[in-house]
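S.K.: build the 3D model from these lines:
(chains A, B and C)
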Amino acid sequence: MTVTASPDTTAAASSASSTGLKFSGLQLRLMSIVGFFLAWEIAGHVPISPAFPTFSATIMALLEMVFDGSIFLAYFETLKPLALGVGISAFFGVAIGVSMGLNKKSRWLWEPIFVVLQASPVAALIPLITYAYGIGITAKTVAVIILASPIIVLNTYKAVGNASPVLVQMSRAFQGTRMQEIWKVIIPNAAPVIFAGLRLGVAAGFIGVILAELLITPTGIGDIISYNRSIAKYPHMYAAVLSIIVFSAVMVGLLEKAEVRYFRPEKKRGH
Amino acid sequence: MKIAGTEIPPVFSLLIWIGLWEIAGRMDLAFILPPFSSVIGELTTLIARHDFLAAAWQTFQAFAIGMFFAITGGIALGFIMGTSKTANSILGMWVNIFASAPLSSVVPVLMLLFGLGQLTVVVIVVLFSIWIIALDTYAGVSHTSNSLKEMGRSFGANQRQLLVKILFWAALPEILAGVRLGLIRAVKGIVIGQLLLSVVALGRMFRTFSDNFQFEEFWALTLILFVFALLFSTLIGRLESKVEYYAGTRD
Amino acid sequence: MNSAVLEEVRSPMNKAIHMPLSDENTPTNPATDIVSVRGITKYYGEDVHALENVNLDFPTGQMTTLLGPSGCGKTTLLKIIAGLLETTSGEVLVKGKAVTSPGPERAFVFQDFALLPWATVTRNVAFGLELTGVPLKQREETAKSYIDKVGLSGFEDKYPHELSGGMRQRVGLARALAVDADVLLMDEPFSAVDEQNRRKFQEDLLRLLSVEKKTVIFVTHSIEEAVYVSDQIVLLSPRPGRIHSIIRPELDRSSSPDDIRRDKVYLDTVEEIWGNIREYLD
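M.R.: Numbering: from 1, shown residues only, chains lettered A, B, ... in the order given. Okay, the predicted model is just below:
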């Protein structure tokens, strides 16, 4: 383990390892990705478990599913309840969160229950959902909602509750009414954190829909996992899991970019 | 919230929700939702049941072992990331990916690789919680002001002393926050694991209850899990507030 | 306070003048004093006694500074006058009428700028007008003219994070001027600006105010700043805040800024105030 020689070393994109080689951060990351796939490939050839395909076999299976379109169909099925569920959670969640941030009574009523929900493994309720809502898109949407709402509500509440007191005072100093204060100052001030909460809500909702697919209704990408496991087509199963990880990383990355671009221009490179 | 001039703590709003639950149950609004009172009745029976205690103990063991590895591993990972720029640029990417990835999709793979027993539960606990612990530890270490580190070095502290006497304590508030979040994630992971792995311990109980429409028992078990998660979270939260006093003045 | 008393107090030598203090029974004179405060006492909660029985008059068209060490309640008093804080007792009179909330005759300049980070300079300067319902085109025109006056033309479409601290404060000042209030309330406006720019700001402010003709109530903890810019300095003593004395520097402002800062009256006044304050420092 190397320790940076002095805190003033501008790490920027380069680091000198003890062997004197210089690689940029980006190159190191790419190398680690390649290294990971290489290790996977090698491990797959070691006969520890019949259920562990090599990296190359997994990629082949992935490409097969891309070319026959089955993976796109699967994601389309999965994304429907995700979008619906996140949309509903966002609409009601932001509304509740804002009211909690502005109104003490609202906060008293909603905060404890959402804190409990946020800390609890609500996934335990997913099997129950089938009994109530059947095995269709409704059940999956409900699963998304129960996983995504707490985090959206609590983030929104935190954002609104922490609205800059100076800006609020400034609005009052220039004779702003309470309504103007809320819409022109507090909510724009809270917007970046609200959006971050939505991003986390999307990630949580994604977990919800996958779980619902694994547990209840065999559709979408979750089904690809279950089905291929049941018929021991392991490369396809792993390919589906890999695609989920990649998809999630890309989705979150895009949302982060959007967040910086629209809400935090001061964090953009070059400013 | 005040009634007749006395301040009612927010926790009491939960009573309103419980009350709604009770009413909904009695009015038979949804057959999956029995009245809260009958759930509580079942809960007391459940706790005394032999098979529940055995299952809970089994699960708890796996949880404790997993958390041990997750905490030690996560803190170590976080320190490595926080003290080495090279390590940070590589590991940072992976830790971030795994921290926000839907790990539940990996659980079926784990079942394949590690079987359907306790080992898988331990792996799940580690997998779900180690990343957030590492991230928060890293945040704590990297936010330690440079002047603290320089002060240590100016008085001749070596690497180990810096770590143990300064960095660890300076980062402790964030570490505890990470452990708390990791705990919550681990419990969620266990539940997900149990749900998918429904042949073992608590998972088997869940499955039995829901297959046989024993909803009181199902909710009772769920409540126990919820309370467990909350309890742990609050305990760590208490620890956190004990070290919070210096969190604001570390620079 | 009649002019006979004033004659008596004016000393023959060119020196700072000490003004007599008012009490709660001194009648107010809205004709000469646009803002008056009587009997202002302020407690935060039960324990913190911020101000005790403050009685002051602020002459129209002049710059009065509230000066004192930390804890003397000067910002509290300023915010009470602005209508942003409630008094525990006492009243604030603006143009002869008691006020308890912000109004169109008073405009505030904040210590840490308080700009909307998501709005352009133009929108920020026009914000006060936006809140009082002035139509878009009109308020943008007004904003642009004040952006010019504070020397920020060309930066209309920039965002606060693209501006330096000094520029941000000029936006705050333009915003306060744009609403065309009679009284400007400035809360340590230059404390977040670096020393070199601070002097320039003081000079620019005086130049601007000689054109705009406002009454200014200014809070600072810098003695040099107070003596340099003010017509009248109110010295407050801390815990609880009380009026210690009122001083009129009586500087000859016809000379250049640099000469003023070396003028004997300027330097003597600074020393005298420093002597008074010293006993209150921790």
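S.K.: hey, let's count contacts and neighbours off CA atoms from now on
M.R.: Fine.
S.K.: doesn't residue C:104 make contact with residue A:172?
M.R.: No - the pair residue A:172 / residue C:104 is not scored as a contact, 11.6 Å apart, by C-alpha atoms under 8 Å.
S.K.: number of residues surrounding residue A:231?
M.R.: As a burial measure, residue A:231 scores 9 neighbours (other C-alpha atoms under 10 Å in any protein chain shown).
S.K.: can you show me the helices along chain C?
M.R.: C:3-9, C:74-82, C:121-125, C:127-131, C:136-149, C:165-178, C:195-212, C:223-229, C:257-260, C:264-278 (DSSP state H).
S.K.: next: the stretch 101-250 of chain A.
M.R.: In the stretch 101-250 of chain A, the segments counted as helices under DSSP state H, counting those that start in this stretch are A:104-119, A:126-133, A:137-161, A:165-173, A:178-180, A:187-215, A:220-230, A:234-263.
S.K.: which of these comes out lowest on mean pLDDT?
M.R.: Mean pLDDT is lowest for helix A:126-133 out of the helices of the stretch 101-250 of chain A, coming in at a mean of 80.
S.K.: that one packs against which elements?
M.R.: helix A:137-161, helix A:187-215 (3 or more C-alpha pairs under 8 Å, 6 or more residues apart in numbering or on different chains; DSSP states H and E).
S.K.: spatially nearest residue to residue B:167, not counting backbone neighbours?
M.R.: Nearest residue to residue B:167, sequence neighbours excluded (C-alpha to C-alpha, 6 or more residues apart in numbering or on different chains): residue B:141, at 6.3 Å.
S.K.: check what pLDDT that neighbour gets.
M.R.: Residue B:141 carries a pLDDT value of 87.
S.K.: from what I can see it touches residue B:166, true?
M.R.: No - look at residue B:141 against residue B:166 with C-alpha under 8 Å: they stay out of range, at 9.9 Å.
S.K.: neighbour count winner among these two?
M.R.: Set residue B:141 next to residue B:166 and count neighbours by other C-alpha under 10 Å: residue B:141 wins out with 26 against 19.
S.K.: within the helices and strands, which one has the more buried one?
M.R.: Element membership of residue B:141 [criterion: DSSP states H and E] is helix B:118-143.
S.K.: and that helix, what other elements does it pack with?
M.R.: helix B:50-83, helix B:85-100, helix B:107-114, helix B:168-196.
S.K.: that older thread, from the helices of the stretch 101-250 of chain A, which stretch is densest packed?
M.R.: helix A:137-161 (a mean of 26; mean count of other C-alpha atoms under 10 Å in any protein chain shown).
S.K.: contacting residues around the closest residue to residue B:139 other than its chain neighbours?
M.R.: Excluding its sequence neighbours, the residue lying closest to residue B:139 (C-alpha to C-alpha, 6+ apart) is residue B:174, at 7.0 Å. Residues near residue B:174 by C-alpha atoms under 8 Å, 6 or more residues apart in numbering or on different chains: B:136, B:137, B:139, B:140.
S.K.: residue A:210 versus the last one, what's the distance?
M.R.: Put plainly, it is residue B:140. Residue B:140 sits 33 Å away from residue A:210, going by C-alpha to C-alpha, to the nearest Å.
S.K.: hey, what's residue C:99 bridged with?
M.R.: Using DSSP bridges, the bridge partners assigned to residue C:99 are residue C:92.
S.K.: what of residue C:33?
M.R.: Per DSSP bridges, the residues bridged to residue C:33 are residue C:59.
S.K.: that one: what's it in contact with?
M.R.: Applying C-alpha under 8 Å, 6+ apart to residue C:33 gives the contacts C:57, C:58, C:59, C:60, C:95.
S.K.: go on, residue C:108?
M.R.: Going by C-alpha under 8 Å, 6+ apart, residue C:108 touches A:170, A:173, A:174, C:82, C:176, C:184, C:185, C:186, C:187.
S.K.: so which of the helices and strands packed on helix A:126-133 is nearest chain C?
M.R.: For these, proximity to chain C was assessed by C-alpha to the nearest C-alpha; helix A:187-215 is nearest, at 7.6 Å.
S.K.: would the closest one count as contacting chain B?
M.R.: Yes - counting by C-alpha under 8 Å from any C-alpha of the partner chain, chain B has neighbours in helix A:187-215: A:203, A:204, A:206, A:207, A:210, A:211, A:214, A:215.
S.K.: which other helices and strands does that helix contact?
M.R.: helix A:70-102, helix A:126-133, helix A:137-161, helix A:220-230, helix A:234-263, helix B:168-196.
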